[in-house]
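Sequence plus predicted model, see below.
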Amino acid sequence: KLLDKAFTAHRVATIEPGITRIIIDLIDKLADKARSGQVVDGVQDFAIPVTIAVICEQLGIDQFNAGKIQAWSLAVTAQIGRMQNREQMVTNARLVCELQNFIISEMRAREAQPREDMISDLVHAETDDGKLGFAEAVSLVRALIIAGNDTTATAIGNLMFILATEPAVAKTLAESVDDDRLLNRFVEELLRFRPPVRGLAKMTTREVELGGVKLPAHAHLLVLYASGNQDETQFPCPAQFDLNRPNLGKHVAFGVGVHRCIGASLSRMEIKVAAREIVRRLDQLKLAVPLDEIRYMPTVATHQIESLPMTLTRRAS
């Protein structure tokens, strides 16, 4: 309920101009780098810096190290799934501690001097049961920092990949860049086609039947959103990127029910603005390496491209 106020459609709309400014600035830097003859990285040079800058601005974190925040995000998501050896686990644990100490420092500063930002809102928030506990507020701020940049960066990296590998889609988008309805449809199909969150763990609270199978209480499950989005009984020809699907909004990229992503409206808006400004300002986006050389981060939760070498040009005015 507390976070709902921060992510209403109205509030997200009011921050769109600031997000557009951040995105345009990074697109211009990308174009300048490409013009000098360098290969650009759609993930490291654009997707990750954009989303880190946006979430830090919303939280009120003025001074930040983007590389450090990226490392913290990877350390947190690495805890999901058994894909670390002991040495990696210890390294990531140290990084998570760094993140916790950073958050606590920011929150203590807001306790002493509140500001107009989301950290202040959480530090001083009142619920029906009283004020949030400090540990609860730390947990929420951490969730916002991680989810606010990691998953949306994955989605924008996927956006760059689609524009570089689906020329017909890129052409349609460029020709209809002022068509708000088509842009919205593009965002929804992108989220269905390549959902940023591949799956998350859940646990049953009681015995329940799912798909004709009885699950005992406290059963551990891995809910695969990516699998649901490829269900051919819901989405005919699911491996095809199709802007004309009649049920585009039926995907489960943001989860469903009480576990639906609270930041869905902000994420949608960031992806939409990025798509719009990229096709307005850039042209001839192509992979600079063979498709089979694209590598993904070794995580269960997200389907994040590690690096996306690209060539591109600045679109003529």
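Sure, I can see it. Numbering: from 1, shown residues only.

Check which element follows the lengthiest helix in the chain along the chain.
In the chain, assigned by DSSP state H, the helix with the most residues is helix 134-165. Downstream of helix 134-165, the next assigned helix or strand under DSSP states H and E is helix 167-175.

Check which element follows that following helix along the chain.
Next along from helix 167-175, by DSSP H and E: helix 180-193.

Tell me the buried residues in that next one?
L183, R185, F186, V187, E188, E189, L190, L191, R192, F193 (16 or more other C-beta atoms under 10 Å). For every residue, glycine as well, the C-beta is placed using N, CA and C.

average pLDDT for the longest helix of the chain?
Mean pLDDT, helix 134-165: 92.

Please apply the same query to stretch 253-265.
87.

Just the CA trace of that stretch, in CSV.
Presented in CSV, the C-alpha positions along stretch 253-265 are these (Å, rounded to 0.1, in the frame of the first residue of the first chain):
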residue,chain,number,x,y,z
ALA,A,253,6.1,-11.0,-17.4
PHE,A,254,5.2,-8.9,-14.3
GLY,A,255,3.6,-11.8,-12.4
VAL,A,256,0.0,-12.0,-11.3
GLY,A,257,-2.2,-11.4,-8.3
VAL,A,258,-0.8,-10.2,-5.0
HIS,A,259,2.8,-10.9,-6.3
ARG,A,260,2.4,-8.7,-9.4
CYS,A,261,5.4,-6.3,-9.8
ILE,A,262,4.6,-3.0,-8.1
GLY,A,263,6.9,-1.1,-10.5
ALA,A,264,5.2,-2.4,-13.7
SER,A,265,4.0,1.0,-14.8
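
Quick one: residues in contact with that stretch.
3-4, 7-9, 12, 144, 147-148, 151-152, 191-192, 195-197, 200, 202, 225, 229, 267 (C-beta atoms under 8 Å, 6 or more residues apart in numbering).

and A201, that one's in a strand?
Yes - using DSSP: H, G, I helix; E, B strand; the rest coil, the secondary structure at A201 is a strand.
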